[in-house]
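Student: have a look at this fold, sequence not included:
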Ligand code: ATP
């Protein structure tokens, strides 16, 4: 069974069509990255799946549960780490976790067990009594992840989980995301850092103007462009050409009098092509 299934989802805000007959399937256990430019419809999709916004038409299922017909059952299956920090700064680390457990109806014993387990998991046991407002950006993010896991969801949404974090802390969060996924939790990730998706995801989807443009493994999507890329700069613009083999790319550079930078194709190339932000 799919962990997520979207059938022809539509959502309109006034005259803006945020989602346009969006169809998508995410398998149980996948680490899935949902990519798209600003305004593509990523957050709208996550909000709908988490019961924070209603769809206009179409159907959405989480682990086979129709989110409109059984919203509470669907919500219990999901953990959500929002894009912006939404901890209660005036409460301690422990209290932030405890309140979340109460919202999901966990008993005191369950809350204590889960809070200890997930604080240990995100390596924050030593900060149990710290006020959330005193934590660094990286620790706040880790606490939000622990909090999202308290009720043991099968599916975890991470909306831009590393935005604003430095490179070292970002890598630590990546390890944590992989670790969570290895326990069997399906992960649905949005990110503007394409290399994050390339490194983490089993499969990615590109959304643009509310429509699904492409889905597949990062390797398969990149292979459609070729293996090698040559960046050239001329007439005030960057241009990239793609090649199946290194020799062809080398010949291209020679024919351009040696100007051009040779590199491997990356997922960002595919993203920019699909969303029309770069002419190849
Ligand atoms: P970003 O990467 O910038 O966060 P996104 O892919 O998450 O973008 P959405 O936030 O889902 O995109 O927005 C999709 C479209 O819907 C955009 O055109 C946006 O302006 C519009 N939109 C989203 N929420 C609302 C709202 N509450 N009222 C009006 N328009 C909205």
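Tutor: That came in fine, so what should we check first? For clarity, every value in this text was computed on a predicted model and none was experimentally measured.
Student: which residues of the protein score low on pLDDT?
Tutor: 258, 276-280 (pLDDT under 70).
Student: which parts of it are helices?
Tutor: In the chain, the helices defined using DSSP state H lie at 42-49, 71-76, 93-103, 108-121, 137-149, 167-182, 194-200, 218-223, 246-255, 267-274.
Student: list of residues touching stretch 73-85?
Tutor: For stretch 73-85, contacts defined as CB atoms under 8 Å, 6 or more residues apart in numbering pick out 43, 46, 49-51, 62-63, 65-67, 104, 137, 140-141, 144-145, 148-151, 153-161, 163, 185. Any C-beta I mention is one placed from the backbone N, CA and C, and that applies to glycine too.
Student: mind doing that once more with 6 Å?
Tutor: Here stretch 73-85 makes contact (CB atoms under 6 Å, 6 or more residues apart in numbering) with 50-51, 62-63, 65, 67, 140, 144-145, 148-149, 153-161.
Student: what does stretch 138-145 give?
Tutor: With contact meaning CB under 6 Å, 6+ apart, stretch 138-145 is reached by 81, 85, 93, 122, 124, 165, 169.
Student: can you list those residues in CSV and add neighbour count and distance to residue 15?
Tutor: Shown next, in CSV, are those (neighbours: other CB atoms under 10 Å; distance: CB to CB, whole Å):
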residue, neighbour count, distance to residue 15
81, 22, 31
85, 16, 32
93, 27, 44
122, 22, 42
124, 19, 45
165, 17, 36
169, 17, 40
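Student: and which of these is nearest to the ligand?
Tutor: residue 81 (14.4 Å; CB to the nearest ligand atom).
Student: distance of that closest one relative to residue 249?
Tutor: Distance of residue 81 to residue 249, given as CB to CB, to the nearest Å: 40 Å.
Student: that concludes my questions; thank you for your assistance.
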